[in-house]
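Q: Structure of the sequence below:
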Amino acid sequence: MIKKTVTAVVLLFSLLQVQSQEILKQMPKGFEEVRTESAKGKIDTITYSSKTVGTNRRALVYTPPGFSKKKKYPVLYLLHGIGGDEKEWLNGGRPQVILDNLYAEGKLQPMIVVMPNGRAMKDDRATGNIMAPDKVQAFATFEQDLLNDLIPFIEKKFPVYTDRENRAIAGLSMGGGQSLNFGLGNLDKFAWVGGFSSAPNTKLPNELVPDPAKAKQQLKLLWISCGDADGLLSFSKRTHDYLRQNDVPHIYYLEPGGHDFKVWKNGLYMFSQFLFKPVDAAQFSKYTVLGTAAATNIRSAKYPQILPDSRVLFRIKAPDAQKVQIDLGKKYDMQKDTGGYWIVTTDSISEGFHYYSLLIDGVAVADPASETFYGMGRMASGIEIPFKGDGYYELKDVPHGDIRIKKYFSPVTRSWRQCYIYTPPGYDANTTTKYPVLYLLHGGGEDERGWAMQGKTDIILDNLIAEQKAKPMIIVMMDGNVSAGGPGGFGEQALRAFENELKQTLIPFIEKNYRVATDANSRALAGLSMGGLQTLHAGVRNSNMFAYLGVFSSGWWSNQPSLSTPQYEYMKTNASTINTNLKQFWIAMGGKEDIAYNNCKIMLAKFDELNINYKYSEYPGGHTWPVWRNNLYNFAQLLFK
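A: Residues are numbered from 1 along each chain as shown. The predicted model follows:
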């Protein structure tokens, strides 16, 4: 019995230890306080001759507890901010105490730490106007001083390794920018690079890492950290976004705080523990305290937050609620804290845009911290999950077109209706040019806003046109809900009503009010889900009007022959005409997880039987907007060529 009890206690202790290791992602409170029982390192001031500056310069050098000239050590070069000098870390960050305590806990590889003056000019004091151009330039000049003067001095005077795998650079603010600039710009010299709250001197990401494959191969660790309330956060985030897009492993560490030593001390505490040891890049995404506020949050809303591994952290204040859940495809129970906030972290969420709802005591409501989108037949919250392949709908410095909202009266529905119209860059300037048109249709439970808002149609086309991958075109996003019963276009009557609205009202309105080419070769029709059925009906029956058809996540229902059989009979009778008229009949699915997958496969087998020509494409992701964005991206490149 005693043996079983001891075993249980040991097991419990082991579990608690593992849990504590998992959540210990911040420096414990008071860690920077001197521990009398801990062995102490030593800080000395050294003076070296700088040929770059033309004078003698000073730096501080920390040697670890038990330092011996008979051993060799790796080196960390630790840089200060724009208002500091070689003593800034010592005065504000107590690095020697943090490092001593880490050594005492066995968490640090013995290393030498060099704290130089990063203002490489003869008068390198942090006095007067620290933002003066010559002083700012001196921070850039320090690169040559570091490489050509300081590092050779350290390697001559101290027992240190001289290879890149044993050399690291990190810094705070201006020094963070220097560290990223110098470290990533000299990967033959540094394998470990860290930027804490990096300042605007940080180069643009494509300049920092012009060759992502090379950086991925040579870097042991790239660390980027910042406080969530830091006004300079955008500089760290843009670097992180670029690295993510280009698949360069790195740690992006966000924590509560501003532009101050609380954050920077923690940066040193965390970063230093990785140095000069084997690292597992697969674990990098786990090292953060906070996530990044979702791009779909309303202004200044900190939650929901997206963690580096694509889990989402929700935090909702509802002190009087009895039960709160997040419905994000899967329902997550939230836990209430003492302040009345409900908190939960989801599983890893797949790429791109997703609808979600709050369930407060069983009632589905929109999250007040999120932008709302019309989907699922109501206004719902939406969240954008970034991923490394999302660059095709990323805002870039390219010419941008417009999305225009136009109202028109429909004699078919006998009501005022609305459509969204994308006009390409240069439409207003090129007054004699006529453009081809893509009529783009949404799915069930959505309307004309879907492709403009959830679909990011304008950004996708702007980028494609800028890269000369797509022809400049007008895209008309109409409201496909034309049946008398409201939303829904799945019955034969609703499909005929849609066809009449498209042919008799919308196309004439567009051709009267916009400079568009009016021949079939300059006209395309495409849609997702319900819009795919509308395309199959109206597009196939009017192939003399549309030379390009796109069907995304859709297919005639195999269990409704009363609907599908007349369509197949028409296609059988007119197969030759359809094949002759259509330059592209492009059908795409979101993989086997797409709810329309089986219907589509049955339909395509029927097309093969009827000798209907088509092209098929798959992009995994199911029946979701990430799939349909990708469909538009690929389909648009096939049009009007």
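
Q: from here on, contacts and neighbour counts on C-alpha atoms
A: Fine.

Q: what's in contact with the helix or strand containing L563?
A: Take DSSP states H and E as the rule and L563 turns out to sit in helix 561-573. The contact list for helix 561-573 (C-alpha atoms under 8 Å, 6 or more residues apart in numbering) reads 491-492, 537, 540-541, 556-558, 578, 606, 610, 612.

Q: Kindly recompute the last result at 6 Å.
A: The contact list for helix 561-573 (C-alpha atoms under 6 Å, 6 or more residues apart in numbering) reads 556, 610.

Q: ok, now stretch 117-128?
A: 53, 83-86, 138-139, 141-142.

Q: which of the residues in it are buried?
A: 117-121, 124-126 (16 or more other C-alpha atoms under 10 Å).

Q: Report the contact partners of L108.
A: So L108 contacts 102, 273 (C-alpha under 6 Å, 6+ apart).

Q: Would you verify that it is located in a helix?
A: No: counting by DSSP: H, G, I helix; E, B strand; the rest coil, L108 is not found in a helix; it is coil.

Q: tell me the mean pLDDT for stretch 234-247?
A: Taken as a whole, stretch 234-247 has an average pLDDT of 94.

Q: so how far is that stretch from its chain's centroid?
A: Put simply, stretch 234-247 sits 8 Å off its chain's centre (C-alpha atoms, centre = their mean, to the nearest Å).

Q: Give me the contact list for it.
A: Contacts of stretch 234-247 (C-alpha under 6 Å, 6+ apart): 205, 388.

Q: repeat for stretch 202-217
A: By C-alpha under 6 Å, 6+ apart, stretch 202-217 touches 177, 239, 248.

Q: In the helix holding L563, which of the residues would be classed as buried?
A: 564, 567-568, 571-572.

Q: same check, this time on stretch 68-82
A: 72-82.

Q: again, but for stretch 595-608
A: Judged by neighbour count (16+ other C-alpha under 10 Å), stretch 595-608 contains these buried residues: 595-601, 603-604, 607.

Q: Residue ranges of each domain in this structure, please.
A: The chain breaks down into these domains under automatic domain parsing: 44-286, 292-389, 418-636.

Q: Quick one: the strands in the stretch 201-350 of the chain, in order.
A: 221-227, 251-255, 292-293, 305-306, 311-317, 324-327, 331-333, 335-336, 341-348 (DSSP state E, counting those that start in this stretch).

Q: actually the stretch 451-600 of the chain, not the one I wrote
A: Using DSSP E, counting those that start in this stretch, strands in the stretch 451-600 of the chain cover 474-478, 523-528, 548-552, 584-589.

Q: Output those in a markdown table, with mean neighbour count appended to each entry.
A: A markdown table is the format used below for the strands of the stretch 451-600 of the chain (neighbours: other C-alpha atoms under 10 Å):
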| stretch | mean neighbour count |
| --- | --- |
| strand 474-478 | 25 |
| strand 523-528 | 27 |
| strand 548-552 | 29 |
| strand 584-589 | 24 |
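
Q: Quick one: closest of those to D44.
A: strand 584-589 (65.8 Å; C-alpha to C-alpha).

Q: CA atoms of the closest one as CSV?
A: This file holds the C-alpha atoms of strand 584-589, laid out as CSV (Å, rounded to 0.1, in the frame of the first residue of the first chain):
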residue,chain,number,x,y,z
GLN,A,584,-13.7,26.6,-70.3
PHE,A,585,-16.1,24.5,-68.3
TRP,A,586,-14.2,24.4,-65.0
ILE,A,587,-15.5,22.4,-62.1
ALA,A,588,-13.8,22.5,-58.7
MET,A,589,-14.4,20.8,-55.3
